[in-house]
Every structure is written in C-alpha cells, then in structure tokens.
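Chemist: generate coordinates for the sequence data below:
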Amino acid sequence: MANLHINQIEQVNEDESSSSLHNNASRRYNLDNIDLDDSPIKSVPYHFQAGSIIDPMTFQRVLTEVMSKETQKEEQAHDLNKQTDDDANDMVTDTNRNLFNERQFDEELERNLQNLSQVIQTNQPINDNLASNMMDQLNDLLRITTVTANQMTTRQRSNRRQRSLSSSASISMISKRVMTIRAQTEQRQQKTKEIARQAFILAETNVYQAMEYIKQMMPDKFIHHSTWYLSTFNYVNGRKQQHLRETGEIDKKNIWPDSFPQCTPQLKEVVNDWIRHHFSRTKRAKCLILIGPTDTGKTTFALSLPGHVNHFQGRWNLDSWQDYARYSVYDGIPWDRFSKLNFPNKQDLLTQNGKINATGKYRRRIEINIQQPAIVLLNPEDAGSLTREPITLEEQRMAEYWKKRAIVYIMGPNEYFYQRQRHTTDSSQNQNSSNSSIEANEERLGDPDEFETMRRRWQAKQ
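Modeler: Okay, here's the model as predicted:
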C-alpha cells in the first residue's frame, strides 16, 4: 500500500510538471539551440523500376495508380496549353473573318431584294417612271451597300495600319491575314457583279437563258431565290422589249406581207381585213382564229406582225405574260382545253377585256392587263366546239358570242401562207392592209406607220 501511495504521488508530480511545461512556452524549448539536420527523406522524386526491391504486384499498382495519373495530368496540361493557343489563333481568325463577313450584308440585301421582287410581281412595270424608280431602288441599294462595305474596309485598313505600328510581329502576321481576306472578299464581290451583269444581258433577249445561267453559276442562290431572279429577269426583259417596241427596233425574221409572197389570195384578204380593222384597236377588238393543217405557215405569219408578242404554246405560263406586248398568240392550244391547261377564261383572254386576276402553278393571283388583240391558231382536230353544230342552249349561247367577238377562218386544203416547195409570186402580193376603219382621231395601239417601219428594218438586213 505504501509503495502504491508513493507511486501515485510520483505520478501526480509528473503530471503537474508536464502541465507546467506545456503552459510555459519558455520552458518547452530553446529557439536558439535548434539544430536543423538534413532530412533522411529524399526530396528528389523516386521512380519505381523493374527489378527494385518491391514485389512486382506492388510495382504494377504504383505504376497504374500513381505514375499513370501523373502522366495523364502532364498530358492534359499540355493539351490545355495547346488548346489555349489554338483558341487564341481561332479567335484571331474568327475576328478577321467577322470584320469582313458578308453573310449579314447578304441576308439584309436578299431581304430587301425579296421585298422589291414582290412589288415587281404584283405590279407589272408598264410605266416608264415606275420602272425607272424601281430600278433606281435596286441600284441605290447596290450603291449603299457597296459604299458601306468600302467605308468599313477603309476604317479597318486604317485601324490595322495603326496597330501594326505599335504591335509585335504576331500582329503584323494578323494584318497580312486580314489583307488576304479583304482581297478574297473584293474578288468575290467583283465576280458576283460580273455574273449579275451577264445575266441581265441574257435576260434582255431570253429570260430562261438567264435563269439557266444563274442556276449554273450560283446554284445555292438559285435554290433559295429563284422566284426573285425570275421576276427580276422578266422585268429586265420587259423594259428592253418595251423600249424596242416604242422605238420600233424589234427585228423580225419574217414580216407581213413581204415574207409571204406565196400566200393564197383569200387567206391574205382575211388577214389584211383583220389587221386594218382590229389589230390597232385599244378595246373591243375581235380576235383572229385561224384553223388549218400544220406546215402551212400559220405560226410564222402570227409572229411576223410588228411589236413584241405574248406567244403561248402548251400550258399557261404567267411568267411569260407581258402587259406591254403588242399582241398575243395562242398557238396549237385545243379550243376546249384552255381552262384545263390553266389559262384564264377565254372570254377575258381573247377580247381585250382589260384588267383581270390571273394565277399560275404554285403562284398567287396577280393582276394582268389584257389590252392586246389576240390570234388563235388551231389544227382542225383541236377546234372542238368552236366548229361543231351547237345543240344545247349553252353551246348556242357560246356560238353566238364568238360569232360577234371573233373572226374565224377555216383554211381550205389548198390554202397556205407559204408553200415550202413552190416559189411563185402571187399577183396579189401588193395587196396591203391599209385603209383601216379606225378613225384618224381614234385612240389606237402602235404607230400608224409601224408596218412600214418594220419593213424598212427588215429590208435593210436582207
């Protein structure tokens, strides 16, 4: 017991001594007497290698869990740095591209042009001033966008020049890259202008050749904006034809009556009578309907009269209609199939009925102005109800209507405008289509001397 008591006392003393030591910082250690020895732990990373004293399983686990992860971290850090460099280069490239990016300009331009195309489609430009104003809008748009692009290019060139004076060689390389993009942009713009110029030249004489040209040269634009191109080319073609009509400069391969010396007398008399009394009328002109076999010159004659012609074969095509045409020809269209081939009502189309609403396949309705006298060319088998004996009340009514509104002539078996293998001069060649029943002060289509003007131009080219 005594020994136990003594031990307890000693333990208590040690605890108090320890407590006193920890509570007194100056008694814990002497800062001046601390010796710093080299650590026995190696500070250089130690790489495990095959043949070391650790067992193969431990070596493989350390290699997989430690060394491979470290290697991956290093590779990721390297890739991150490389990506950062690539991102910086991409940022420079994107910046340069955006400085001269034409997409926004193209989209805005296309939107504006689409709006103008709607005006062209719904309001055929038969008035010179209206047509000029519309063309001015297109030209102004082109000039505005060109000036804007040039101003932007000038500002960017100036900014690049200033930056190059105060920047490093890397910025100089960027400037060269910008100049390359600028040159490519200007070259692309010049090519586009040349395509447009060539397309307009083609459109003046043939709309569909212009459409084919755009389809070949700019297929992406054609797919998205073919409607606008078609409307624009029709407008260009119309302005050209209108100018030629007004100045009498349309060249005809054949002209009436000079190109038809073989025309049989009675047929010539009927044609001249229609020309004298109806071809120049502005309203209520009778249409001329010629029924005869093929290869007798009907189409050649119909296209030989002065002025631009709306010429239809097959189905109705609204894009081929021009309000300013001098006259219209409906060639080989079966009489009873006009409506099935999408043509407007014959009573409107063939009788100078003025403004009507017309449509086409996949097209909305637009207003056209039917002020042209009409010629209808039929083969005998296509005459249908026009030459049949009317039976029903409706057939009788229509027969009476066309008797008043048309001159119908059925060509005999020996009648023709020309006979291909016969070269004789008819004694009635000098028969003319003058002495019109139209009063001198009555409003008329075309010029009084339009036939003579056409004849002089034709003779000058012979």
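Chemist: these two touch, right, Glu450 and Phe279?
Modeler: No. Taking contacts as C-beta atoms under 8 Å, Glu450 lies outside contact range of Phe279: 9.4 Å. (Each C-beta comes from the backbone N, C-alpha and C, glycine too.)
Chemist: who has more neighbours, those two?
Modeler: Phe279 (27 against 18; other C-beta atoms under 10 Å).
Chemist: quick check: closest non-adjacent residue to that one.
Modeler: Pro373 (5.5 Å; C-beta to C-beta, 6 or more residues apart in numbering).
Chemist: list the beta-bridge partners for Val309.
Modeler: Note on Val309: beta-bridge partners by DSSP bridges are Tyr327.
Chemist: burial of it, as a residue count?
Modeler: 21.
Chemist: who's in contact with it?
Modeler: Applying C-beta atoms under 8 Å, 6 or more residues apart in numbering to Val309 gives the contacts Ala302, Leu303, Ala325, Arg326, Tyr327, Ser328, Val329.
Chemist: quick one, phi psi at the second one?
Modeler: According to degrees, to the nearest 10, the main-chain angles of Leu303 amount to phi -90, psi 0.
Chemist: same deal with the one 10 residues further on?
Modeler: Main-chain torsions, Gln313, degrees, to the nearest 10: phi -130, psi 140.
Chemist: circling back: relative to Leu377, which of the contacts of Val309 is nearest.
Modeler: Ala302 (6.0 Å; C-beta to C-beta).
Chemist: does Ala325 touch Gly307 like I think?
Modeler: Yes. Between Ala325 and Gly307 a contact is recorded at 7.2 Å, counting by C-beta under 8 Å.
Chemist: which of the contacts of Val309 sits closest to Gln459?
Modeler: Leu303 (18.2 Å).
Chemist: not counting its neighbours along the chain, what's nearest the closest one?
Modeler: Val309 (6.2 Å).
Chemist: same deal with Trp274?
Modeler: Leu288 (4.6 Å).
Chemist: what backbone torsions are found at that neighbour?
Modeler: Dihedral angles for Leu288 - degrees, to the nearest 10 - are phi -100, psi 120.
Chemist: quick check, Pro257 in contact with Glu269.
Modeler: No. Applying C-beta under 8 Å, one finds Pro257 not in contact with Glu269, separated by 11.2 Å.
Chemist: quick one: Lys221 and Arg276, what's the gap?
Modeler: Note on Lys221: its distance to Arg276, by C-beta to C-beta, to the nearest Å, is 50 Å.
Chemist: do Gln216 as well
Modeler: 47 Å.
Chemist: the more surrounded of those two?
Modeler: Arg276 (16 against 10).
Chemist: that one and Leu290, how far apart?
Modeler: For Arg276, the distance to Leu290 - C-beta to C-beta - is 17 Å.
Chemist: returning to that earlier point: can you redo the contacts of Val309 as TSV with neighbour count and pLDDT?
Modeler: Converted to TSV, the contacts of Val309 look like this (neighbours: other C-beta atoms under 10 Å; pLDDT from 0 to 100):
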residue	neighbour count	pLDDT
Ala302	23	97
Leu303	18	96
Ala325	20	83
Arg326	22	87
Tyr327	25	94
Ser328	23	97
Val329	22	98
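Chemist: which one of the residues you listed is nearest to Arg456?
Modeler: Checking those one by one against Arg456 (C-beta to C-beta), the nearest turns out to be Arg326, at 17.5 Å.
Chemist: for the residue nearest to Leu386 when sequence neighbours are not counted, give me phi and psi.
Modeler: The spatial neighbour of Leu386 that comes closest, neighbours along the chain excluded (C-beta to C-beta, 6+ apart), is Trp335 at 4.7 Å. Backbone torsions of Trp335, given as degrees, to the nearest 10, read phi -60, psi -40.
Chemist: quick one: Trp335 and Pro380 touch, right?
Modeler: No. Using C-beta under 8 Å, Trp335 is not in contact with Pro380; the gap is 11.0 Å.
Chemist: between these two, which one's more packed in?
Modeler: Neighbour count, other C-beta under 10 Å: between Trp335 and Pro380, Trp335 has more, with 19 against 12.
Chemist: where's that one relative to Arg456, distance?
Modeler: On the measure of C-beta to C-beta, Trp335 and Arg456 end up 37 Å apart.
Chemist: same question for Trp321.
Modeler: Trp321 is 30 Å from Arg456, by C-beta to C-beta.
Chemist: likewise His243?
Modeler: From His243 to Arg456 the distance is 19 Å (C-beta to C-beta).
Chemist: and this structure, what are its domains?
Modeler: Domain segmentation of the chain under automatic domain parsing yields 101-247, 265-460.
Chemist: least reliable of these by average pLDDT, please.
Modeler: Across the domains of the chain, domain 101-247 has the smallest mean pLDDT, namely a mean of 60.
Chemist: backbone dihedrals for Phe222, please?
Modeler: phi -60, psi -40.
Chemist: buried set for stretch 220-239?
Modeler: 221-222, 225, 228-239 (16 or more other C-beta atoms under 10 Å).
Chemist: same thing with stretch 395-412?
Modeler: For stretch 395-412, by 16+ other C-beta under 10 Å, it's Met398, Trp402, Arg405, Ala406, Ile407, Val408, Tyr409, Met411.
Chemist: okay, and the beta partners of Val408?
Modeler: Beta-bridge partners, per DSSP bridges, of Val408: Ile289.
Chemist: residues contacting it?
Modeler: Counting by C-beta under 8 Å, 6+ apart, Val408 has contacts Ile289, Ile291, Leu386, Thr387, Trp402.
Chemist: can you pull out the helices in the protein?
Modeler: 2-23, 25-28, 56-62, 68-99, 103-122, 128-166, 169-205, 207-217, 219-247, 265-277, 298-302, 346-349, 393-405, 450-460 (DSSP state H).
Chemist: so Val408 versus Leu350, what's the distance?
Modeler: 11 Å.
Chemist: again but with Phe260, I slipped
Modeler: 24 Å.
Chemist: and those two? Which one has more around it.
Modeler: Leu350 (27 against 22).
Chemist: these two touch, right, that one and Pro373?
Modeler: No. With contact defined as C-beta under 8 Å, Leu350 does not reach Pro373; the gap is 9.0 Å.
Chemist: shared neighbours, those two?
Modeler: With C-beta under 8 Å, 6+ apart, Leu350 and Pro373 have common neighbours Cys287.
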